[in-house]
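*Asks:* Let's see this in three dimensions:
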Amino acid sequence: MITESRKNEHTDMKTLEGIPWLKGFWNLLTRDDMLKKDYKYLKELEEWHKKWGKEGDKSSDNGN
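*Replies:* Below is the predicted model:
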């Protein structure tokens, strides 16, 4: 899975299309839907994306 901003910035990157269930997936989850450590990781990842946004997408291109 990749962020929408990363997909838009890297239009030459191949991705699978036709997976509508994935959009909004995080918003439908509850803590009881997955393992505690997985939920915690996804929550931290969501916070990271909110903090860094596109800047974080760009920094990952050079190995940071």
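*Asks:* Point out the other elements, helices or strands, that the longest helix along the chain touches.
*Replies:* Ranked by residue count under DSSP state H, the longest helix found in the chain is helix 36-59. In this structure, helix 36-59 packs against helix 4-9, with contacts taken as 3 or more Cβ pairs under 8 Å, 6 or more residues apart in numbering; DSSP states H and E. Any C-beta I mention is one placed from the backbone N, CA and C, and that applies to glycine too.
*Asks:* after the helix it packs on comes which helix or strand?
*Replies:* helix 25-28 (DSSP states H and E).
*Asks:* about what we covered before: show me how far the longest helix of the chain is from its chain's centre.
*Replies:* 7 Å (Cα atoms, centre = their mean, to the nearest Å).
*Asks:* Give me the below-cutoff pLDDT ranges for the chain.
*Replies:* Low-confidence segments of the chain, defined by pLDDT under 70: 1, 18-21, 53-64.
*Asks:* which residue lies farthest from the center of it?
*Replies:* Within the chain, residue 32 marks the point farthest from the mean C-alpha position, 20.1 Å out by Cα atoms, centre = their mean.
*Asks:* Just the C-alphas of the longest helix of the chain, formatted as CSV.
*Replies:* C-alpha atoms of helix 36-59 as CSV (Å, rounded to 0.1, in the frame of the first residue of the first chain):
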residue,chain,number,x,y,z
LYS,A,36,-2.9,-4.9,19.1
LYS,A,37,0.6,-4.4,17.8
ASP,A,38,-0.6,-4.1,14.2
TYR,A,39,-3.2,-1.5,15.2
LYS,A,40,-0.5,0.5,17.1
TYR,A,41,1.8,0.4,14.2
LEU,A,42,-0.8,1.7,11.8
LYS,A,43,-1.8,4.4,14.2
GLU,A,44,1.8,5.5,14.4
LEU,A,45,2.1,5.4,10.6
GLU,A,46,-1.0,7.6,10.3
GLU,A,47,0.4,10.1,12.7
TRP,A,48,3.7,10.2,10.8
HIS,A,49,1.9,10.9,7.5
LYS,A,50,-0.1,13.7,9.2
LYS,A,51,3.1,15.2,10.4
TRP,A,52,5.3,14.8,7.4
GLY,A,53,2.8,14.6,4.5
LYS,A,54,4.5,15.0,1.1
GLU,A,55,7.8,15.9,2.7
GLY,A,56,7.9,12.4,4.1
ASP,A,57,7.2,10.9,0.7
LYS,A,58,10.1,12.7,-0.8
SER,A,59,12.6,11.8,2.0
